[in-house]
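*Asks:* Quick one: sequence and predicted model below, then my questions.
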There are 2 protein chains.
Amino acid sequence: MCAHVLVAEDDRRQAEVLRRYLEAEGHATTVVHDGLTALAQARRQPPDLLVLDVMMPGLDGLNVCRTLRRESDVLVLMLTARATEDDLLRGLDLGADDYLTKPYSPRELMARIRTLLRRVRVTAPAAGPLVTVGRITVDPARHTVSAGGEPIDCTPGEFAILEAMARQPGRVFTRSQLLTRTRGLDRNSTERTIDVHVMNLRRKIEADPRRPQLLVTVYGVGYKLTGGAE
Amino acid sequence: MCAHVLVAEDDRRQAEVLRRYLEAEGHATTVVHDGLTALAQARRQPPDLLVLDVMMPGLDGLNVCRTLRRESDVLVLMLTARATEDDLLRGLDLGADDYLTKPYSPRELMARIRTLLRRVRVTAPAAGPLVTVGRITVDPARHTVSAGGEPIDCTPGEFAILEAMARQPGRVFTRSQLLTRTRGLDRNSTERTIDVHVMNLRRKIEADPRRPQLLVTVYGVGYKLTGGAE
DNA sequence: AGAGATCATGAGGAACTTGTCAGGTTCCCC
DNA sequence: GGGGAACCTGACAAGTTCCTCATGATCTCT
């Protein structure tokens, strides 16, 4: 999730704040303070995302965006102090991918940046996030499970249950929660169904399925997934 | 620029306003009034864009978004009356591509929709260096494929699927994802189509098409491309 | 220890998914 | 306009997976 972000922001104080937020999320950040430099930098080393202040000395953000858009597909997020609707419309129709007016919430800005990058990140090499509990590892992207390094074959239903539980280790899930979480309210089925899946899972991941150490029953409530040594 | 837009909006009056605006821009528009119907409709006929009200009876917009995001890449624009920052962050991080709070300006909404649709349509020309998975090599620039050095003839559709999968080796793609990723906006085809292309691809790249080693089925989910030794 | 509830387990059939094929349609190039 | 490739669709068969049900085991509480 680390990208290269170019920040073009007139006000040095705000630029520094932005840099700190961006680097906190692991993005490589370059900061420039005027439009012409922004354009030059974007051409020399195209960033994944350009955060562009509209009001800048020399070449303003709208012009930077228009020019850049003619020659590349770089993501552009525009910031502006002025808040008229016409500015916003012009910004978006000039090719900006998102548009925020100052004062903005840094957290919203970061969320929107994540959103933009997520959409483009589609072409990144797959190094999906793993979910690990004890010796169980679930890889949602590859749809694989392994226990202590050994690959495990899971059916769709088993995988869904295991993934949901692995995301919150130790937490107890009721059967009803597991049902809605793995089926999204679809199909109607008995809560007993979960029991069956849990049993089949235990056969695959437990050393002694009769005496579960990982996928534990919480009597009267449901099931939980633990690391084994708890 | 004409896309298929699904509007999920509780309030019928607002839904109608939206429909009128969308159709004025030439988009085919479908309107539903609750979350479950939205989910069902989106599955039956995946739209290019889903405009999703957060507050809806039955299944709320956040849940619809989360569920849908697990199975497809459809664009989602969220609308909400509540305006707390937490809601916004949650919406974006659940997979929404944009987020507007009511009351919103219809012109801004339309501009943001144009922006979202524009971005998706650009996905095609992703040229660049070679992509290699195991003994399969895809050359996006020259539009060629080779398996273990031997050149392979691929139809455009086959090539698009193979390229998309090769860019993220091992990752599982749902049929729906492969459709949107290889056809961009204009897709009027069944998910079954993907099966056929996959079968034809296997005939070309697999040693034994009956027992695929590279282009593997993930039951209940989709397909993935592996190096063969995994 | 006993009663009542909750859970584990096995098996068969229902329900769903996928592989494969053939026919018809669309699109493109000549 | 004709020929050919690619594509989509619908259908059916072959696998999987899932669900229900019944029975026995286990647990909790009194």
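*Replies:* Structure received. Numbering: from 1, shown residues only, chains lettered A, B, ... in the order given.
*Asks:* Quick check: residue A:112 touching residue A:100?
*Replies:* Yes: at 7.0 Å, residue A:112 counts as touching residue A:100 under the criterion of CB atoms under 8 Å. Where C-beta positions appear, they are placed from N, C-alpha and C, glycine not excepted.
*Asks:* So between those two, which is more surrounded?
*Replies:* For the pair residue A:112 and residue A:100, the greater number of neighbours falls to residue A:112 (22 against 18), based on other CB atoms under 10 Å in any protein chain shown.
*Asks:* Identify the residues contacting stretch A:147-162?
*Replies:* Residues outside stretch A:147-162 that contact it (CB atoms under 8 Å, 6 or more residues apart in numbering or on different chains) are A:135-138, A:143-146, A:178, A:181-183, A:194, A:197-198, A:200-201, A:204-205, A:225, B:219-221.
*Asks:* ugh, wrong one, I meant stretch A:86-97
*Replies:* A:52, A:54, A:61-62, A:65-66, A:68-69, A:75-78, A:80, A:99, A:101, A:116, B:107-108, B:111-112, B:114-115, B:118-119.
*Asks:* circling back: intersection of neighbour lists for residue A:112 and residue A:100?
*Replies:* Residues touching both residue A:112 and residue A:100 (CB under 8 Å, 6+ apart): residue A:77.
*Asks:* Would you list the phi and psi of residue A:101?
*Replies:* Per-residue torsions, residue A:101: phi -100, psi 140 (degrees, to the nearest 10).
*Asks:* Counting neighbours, what do you get for the closest residue to it other than its chain neighbours?
*Replies:* Among residues not flanking residue A:101 along the chain, residue A:83 sits closest, at 4.3 Å (CB to CB, 6 or more residues apart in numbering or on different chains). Neighbourhood size, residue A:83 [other CB under 10 Å]: 9.
*Asks:* doesn't residue A:100 make contact with residue A:83?
*Replies:* No: if you go by CB under 8 Å, residue A:83 and residue A:100 don't touch, sitting 10.0 Å apart.
*Asks:* Can you name the residues of chain A that neighbour DNA strand D?
*Replies:* Proximity of chain A to DNA strand D (CB under 7 Å from any atom of the strand) is limited to residues A:153, A:155-158, A:183, A:187-190, A:192-193, A:196-197, A:219-220.
*Asks:* Can you name the helix or strand that the residue in chain A that DNA strand D sits nearest to falls in?
*Replies:* The nearest approach of chain A to DNA strand D comes at residue A:157, 2.6 Å away (CB to the nearest atom of the strand). Here residue A:157 sits within helix A:156-166, counting by DSSP states H and E.
*Asks:* Which helix or strand lies directly C-terminal to that helix?
*Replies:* Sequence-wise, the next helix or strand downstream of helix A:156-166 (DSSP H and E) is strand A:172-174.
*Asks:* Tell me the helices and strands packed up against that following strand.
*Replies:* Helices and strands touching strand A:172-174, as assessed by 3 or more CB pairs under 8 Å, 6 or more residues apart in numbering or on different chains; DSSP states H and E, comprise strand A:222-225.
*Asks:* For the strand it packs on, which helices and strands make contact with it?
*Replies:* helix A:156-166, strand A:172-174, helix A:175-183, strand A:215-218.
*Asks:* Recalculate using a threshold of 10 Å.
*Replies:* Here strand A:222-225 touches helix A:156-166, strand A:172-174, helix A:175-183, helix A:192-205, strand A:215-218, going by 3 or more CB pairs under 10 Å, 6 or more residues apart in numbering or on different chains; DSSP states H and E.
*Asks:* Kindly state the pLDDT recorded for whatever residue of chain A ends up closest to chain B?
*Replies:* Closest contact between chain A and chain B, by CB to the nearest CB, is at residue A:156 (3.2 Å). Looking at residue A:156, its pLDDT is 92.
*Asks:* how close does it sit to residue B:161?
*Replies:* Distance, residue A:156 to residue B:161, using CB to CB, to the nearest Å: 22 Å.
*Asks:* Looking at the two, which one has more neighbours?
*Replies:* Legend: neighbour count by other CB under 10 Å for residue A:156 and residue B:161, higher for residue B:161 (25 against 13).
*Asks:* How about the contacts made by residue A:84?
*Replies:* Applying CB atoms under 10 Å, 6 or more residues apart in numbering or on different chains, one finds that residue A:84 lies in contact with A:90, A:101.
*Asks:* Quick check: it vs residue B:107, distance?
*Replies:* Distance from residue A:84 to residue B:107, counting by CB to CB: 12 Å.
*Asks:* hey, where'd the strands end up in chain A?
*Replies:* A:4-8, A:28-32, A:49-53, A:75-80, A:98-101, A:131-133, A:136-139, A:144-147, A:150-152, A:172-174, A:215-218, A:222-225 (DSSP state E).
*Asks:* Give the other helices and strands that the longest one contacts.
*Replies:* In other words, strand A:75-80. strand A:4-8, strand A:49-53, helix A:61-71, helix A:85-93, strand A:98-101, helix A:106-120.
*Asks:* what about these, which gets the closest to residue A:174?
*Replies:* For the helices and strands packed on strand A:75-80, the distance to residue A:174 is smallest for helix A:106-120, at 30.8 Å, taking CB to CB.
*Asks:* Just the buried positions in the closest one, please.
*Replies:* Buried residues in helix A:106-120, counting neighbours by 16 or more other CB atoms under 10 Å in any protein chain shown, are found at A:109, A:110, A:111, A:112, A:113, A:114, A:115, A:116, A:117, A:119, A:120.
*Asks:* and it, what other elements does it pack with?
*Replies:* Taking 3+ CB pairs under 10 Å, 6+ apart as the contact cut, helix A:106-120 packs with helix A:12-24, strand A:49-53, strand A:75-80, strand A:98-101, helix B:85-93, strand B:98-101, helix B:106-121.
*Asks:* What average pLDDT does the fourth one get?
*Replies:* For strand A:98-101, the mean pLDDT works out to 92.
*Asks:* quick one: it to chain centroid distance?
*Replies:* Distance, stretch centre to chain centre, for strand A:98-101: 20 Å (CA atoms, centre = their mean, to the nearest Å).
*Asks:* and if you look at the second one?
*Replies:* Averaging C-alpha positions (CA atoms, centre = their mean) puts strand A:49-53 20 Å from its chain's average.
*Asks:* Sheet-wise, list the partners of that strand with their directions.
*Replies:* Each strand paired with strand A:49-53, and its direction, by DSSP bridges: strand A:4-8 (parallel), strand A:75-80 (parallel).
*Asks:* picking up where we left off before, return the members of the contacts of stretch A:147-162 classed as buried.
*Replies:* The neighbour count (16+ other CB under 10 Å) marks A:135-138, A:143-146, A:178, A:181-182, A:194, A:197-198, A:200-201, A:204-205, A:225, B:221 as buried among these.
*Asks:* Could you list which of those also contact DNA strand C?
*Replies:* Among the buried ones among the contacts of stretch A:147-162, proximity to DNA strand C is found for A:198, B:221 (CB under 7 Å from any atom of the strand).
*Asks:* Not counting sequence-adjacent ones, nearest residue to residue A:33?
*Replies:* Counting by CB to CB, 6+ apart, the nearest residue to residue A:33 once its immediate chain neighbours are dropped is residue A:10, at 6.0 Å.
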